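Q: one predicted model, sequence on top.
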Amino acid sequence: MAAFLAGRLLTVIPVLWGVSIVVFLLIHLLPGNAIQMFLGTQVEMTPAQMDELRRLFGLNKPLPLQYVDWITRILRGDFGVSLRTSRAVLPDIVARLPLSGEITLLALLIALAIAVPIGIAAAVRRGSAADAAIQFGGLAGLSIPNFWLATMLLLALGNVGTIASIGIYVGFFSNPAKNLAVMALPSFSLGIALAAVMMRFIRSSLLEVLGHDYVRTARAKGLRERLVLYRHVLRNALIPVITVVGFQVGYLLGGTVVIEEVFALPGMGRLALAAISQRDYPVVQGVVLVIALLFVLVNLAVDVAYAFVDPRVRFA
Amino acid sequence: MRVRRLAWLCVTVAVAASLAAGQVRAGAAPAKVTLTLGVDQEVVGLDPNKVTAFSSFRRIDLLYNKLVTYDAGLHVVGDLAESWDNPDSRTYVFHLRHGVVFHDGTEMTSADIVYTINRILDPKTASPGRSYIDVIDGVTAPDRYTVRLHLAYPLASLLSGLASGNAAIVERAAVEKAGDLQKTEAGTGPFMLAEWVPDNFMRLARNPRYFKRGLPRVDEVVYRVIPEQASLLAGVRSRSLDMATISDGSVVKQAMGERALVVAQAPSLNLRIFSFNTTRRPFTDARVRDAIAFAIDRQAVLNAAEFGMGVVSGPIPAPDKVWALPVSDFPEYRPNQARARQLIQEAGASGASFTITAAATYEGGIAEAQVIQNQLKAVGLNPTIQNVEWGQYINLWVKRDFDTMVELRGGDPDPDRFLYRTFYSTGAVNNFLFKDSTVDRLLDRGRVHLTVAERAPIYHDLERALVTDAPAVFLYAPYETQVMQSYVKGFRIVPTGALTYLEQTSIER
C-alpha cells in the first residue's frame, strides 16, 4: 500500500508542472495585457509612463524568463502579488477556498441525496412508467445549464422563508444557519446536473449487478428482496460510483466559477474570472495551480479509496 | 421525579432568557437605518487621486469631497469651497468652508488642499487626474481658509478638473501615515468606511460630523457587489437590496413590469460613437464618413441595441444642455440613404469592405454593430463584424488597429475636457488619428474664455464641424438606471453617474 501511494504521489509532480506551463502560456498569449486593462479606454498616459509600468510589473522581460521567475518563486511558496490589487495572491486564494470548497461539498451531498434513492428505484422498477419518468427527468437535469437554472431559481423564488435569494455570505463557522441559507440555492443549482449524471450511472451499474449469477443464487435461496439489494447488489454496484464521484468533484469545482458569479459569492471562481478579464497574471496562474492541485489530490484520494475497497487494484 | 425537575429547570431557564431578551430589546436604541445598494463591480482601490475605475468613483462620491462639484443640472457648485473668484483669467482664489473636519476629527484646512493638488501633480503619484489640472503652475495658501491657484495659461475646464473624483481632497497627515489610501480612506464625506470584504460587501457608516447639517439621512450604506444583472434584479425583488444600478436594458424592462419597484432613469454623459480610423481607406475621405453619418438611423440603433433607453446625441452629450446643440440642427440626423449613396459614389467607395470591431462588454455593443452593419449594407458598403473579447478590444484600441469601432466614450460636463483630448490633432485619446486645422483652432479658442456666453458660439461651430467631418458618427447618450424600492426617497441621478445624492436619500417605510 505504501509503495502504491508513493508511486501515485510521484505522478502528481509532472502533472502540476505541465499545468503550470500551460496556464502561464495561455494567459500570457491572450491579446492585451494587464496595464492596458488597468488603464481602460479613458485614461491618458504617455508611452514612457506605460513602459515604466511594464518595468514595474516585470512584464518587460522575455516570456521564458518571466516563467522561470514565477515558477522558482512558486517553489519557494511565494505566489507573488496581484498586479491589480497589489495584495499577496496566496492569502487571497486561501481566504476564498472554504467557500468554493463548501459549495462543491454541498452540491455533492445534494446530488448523492437525490441520485442514490432515485437511481435505485429506477433500477428496481426497470421498464416501468416510473423508470421512464425518472430517465426523462435525468435527461432534463443533465441538459439544463446550471447558470440558467440558477438565474431562474433566483427570479422565481425571491425570498422563500429563510432561504436568502441573494444574501450576504458569512462563513459556516461564524453562523451556520445563515451560511446554509445563503448557500442552499447555489449548491442546489450546481448539484442538480451531477444528480442526473449519478442517478443514471447508479441505475446502469445496479442493472449490471442485478444480472449476475450470484444475485439469482441469493434470490433462489429465498433471501428477501430487500436483503438481496442491500447486502449483495448495492455493495458491488457502488464501487464504480466512487470513481465517478471523484471525477465529478473536479467539474463541480469548475462549475463554482459560474455559480459564484450568479449568486455574488466571494469564492475562488470569482477571483479567477475577474483576474482573467483583467489579465492579472499572478492571480490566474495561482488559482489554476491550486485548483489543479485539488483536482489531482481528489483523484489520488479516489484511487486510494478504490484500492481500499477493491483489493484487486492494490495488487495489480 | 428527576424528569420533572429537569422540566422545571428548562421552563425557568426559558422564562429567564425571554425576560432578559425583552429587557435588552426595551433598552436598545432604535434600529439602524441601512440603505443597501447593489452594484455590478467590485473596486480595486479607494485612493481618489489614483483610481481609474468608474466603480471606485462611486464609493469615493460618499467618502470624500472636492473643492467644487456638479449638481444634477450640471452646474458647478461649491463643495469644500464656499465661493471662488478670478482676479484674472489665470488666477483662481477659493474661499473654503469653515469647520469642516476629516473623519478622524482633524480640521480640513487650506494646507490639505495644497497638499492634495501637489500630490496629483506629482508624476510619482501617477494620478489619472494629473492631465486635468497640469495647467496649474502655482498653488499657495494665503491663510487657513483661502487657496490660490495660478495657471500657466487660461483653461476654462479647470473647474471640471477640480470637480472630478480624482481631485477629491485627502488629509495630509493620513496619507503620510498610510502611504496611500487604496485600502483605507481619509476624507470629509458624508460616510466613513466601516467594513470592506472584497467581492462581498462594503459598509459605510454615517459621518456624524458631516458639514452639511442634517445629512446624511441614513445610518449606513452597504454596497453589495453582484456581477450578474439578473441577480441584481432578483436582489431588489426579494428586498435584499434597496436599490441597484442596472445597465442591461432587458433586465431594466423586467424591472419596469414590477409594480412595487421604481425605475429612475436619466441620460448620462457617456456617448456612444461609431469611430473611424481616418488613416485607413476609404475613411481617409471625409465624404465617406459624412455619407455614413447620413446613412445611420441613430434612433433605430438606440431602439435595437438598448431598448430605446437613451437619447440621440451630437458630439456633446445631450444632457449637457448648457453646450449641446439640439440634434435637429444637424442635417445628418435626418437619415438620408439617397444622399449617403451619392456621397459614397462621388468618393468612389461603393462596395468598400471593412470591419466593425465590437465587444460585448458594454451593454448592447454587438447589437449596435449589427444594426449599423445592416444600415451600411443598404447604402452599398460591405462591412463585416469582428466580435472580440474585452482584453483584445482594448489592445486593438490602444494600438489604433481597426477600420471602424463601436465605442462608448465617457463625456464630461465641460466640452473642453471631453472634446480636446478626443479630437485635437495631438489629443491623448484621438484614436481616429483625426487631424483638422479648423477643429484644432476652435478647440484652442474654446478653452481660453471663461464665460458661457463667450464659449458657447465657439462650441456650436465645433459641433457642426465634427458632425460633418465625422471622425466618428455620434449616436446617443445611454440612460443611467437605478431600480429602487418605493420607500427609497430623495435620490436623484446626476448625468456624471455620481452617487452624491445618496447623502440626501432616506428610507421612509
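A: Structure received. None of the values given here were measured: they were computed from a predicted structure. Numbering: from 1, shown residues only, chains lettered A, B, ... in the order given.
Q: looking at the stretch 401-509 of chain B, which residue is nearest chain A?
A: With CB to the nearest CB as the measure, B:Ala428 is the residue of the stretch 401-509 of chain B nearest to chain A, at 3.5 Å. In short, each C-beta sits where N, CA and C put it, glycine included.
Q: for the residue in the stretch 51-200 of chain B that chain A sits nearest to, grab phi and psi.
A: Of all residues in the stretch 51-200 of chain B, B:Asp199 sits closest to chain A, at 3.7 Å by CB to the nearest CB. Note on B:Asp199: its backbone torsions stand at phi 70, psi 10 [degrees, to the nearest 10].
Q: need the residues of the stretch 51-200 of chain B near chain A, please.
A: Proximity of the stretch 51-200 of chain B to chain A, by CB under 8 Å from any CB of the partner chain, involves residues B:Thr52, B:Ala53, B:Ala126, B:Pro128, B:Ser131, B:Gln182, B:Val197, B:Pro198, B:Asp199, B:Asn200.
Q: show me those that map onto helices.
A: The helices, defined by DSSP state H, take in B:Ser131 from those.
Q: could I get the full set of helices for the stretch 151-300 of chain B?
A: B:158-163, B:172-178, B:229-237, B:249-256, B:286-295, B:298-306 (DSSP state H, counting those that start in this stretch).
Q: any part of the third one near chain A?
A: Just to be clear, that refers to helix B:229-237. Yes: using CB under 8 Å from any CB, helix B:229-237 reaches chain A at B:Ala230, B:Ser231, B:Leu233, B:Ala234, B:Gly235, B:Arg237.
Q: average pLDDT for that helix?
A: Mean pLDDT, helix B:229-237: 88.
Q: what comes up buried for that helix?
A: B:Gln229, B:Ala230, B:Ser231, B:Leu232, B:Leu233, B:Ala234, B:Gly235, B:Val236, B:Arg237 (16 or more other CB atoms under 10 Å in any protein chain shown).
Q: what is the nearest of those to B:Glu407?
A: Relative to B:Glu407, the closest of those is B:Gln229; by CB to CB it sits at 21.2 Å.
Q: and that closest one, how far from B:Pro495?
A: Distance, B:Gln229 to B:Pro495, using CB to CB, to the nearest Å: 21 Å.
Q: hey, where'd the strands end up in the stretch 51-200 of chain A?
A: Assigned by DSSP state E, counting those that start in this stretch, the stretch 51-200 of chain A shows no strands.
Q: contacting residues around the closest residue to B:Phe294 other than its chain neighbours?
A: Nearest residue to B:Phe294 in three dimensions, chain neighbours excluded: B:Ala340, at 4.2 Å (CB to CB, 6 or more residues apart in numbering or on different chains). Taking CB atoms under 8 Å, 6 or more residues apart in numbering or on different chains, we find B:Ala340 in contact with B:Ala291, B:Ile292, B:Phe294, B:Ala295, B:Val379.
Q: apply 10 Å and report the result again.
A: The neighbours of B:Ala340, taking CB atoms under 10 Å, 6 or more residues apart in numbering or on different chains as the test, are B:288, B:290-296, B:332, B:375-376, B:378-381.
Q: run a quick neighbour tally on B:Val135.
A: For B:Val135, the neighbour count with other CB atoms under 10 Å in any protein chain shown is 18.
Q: what does the one 10 residues further on give?
A: The number of residues packed near B:Tyr145 is 19, by other CB under 10 Å.
Q: many thanks, we can stop here.
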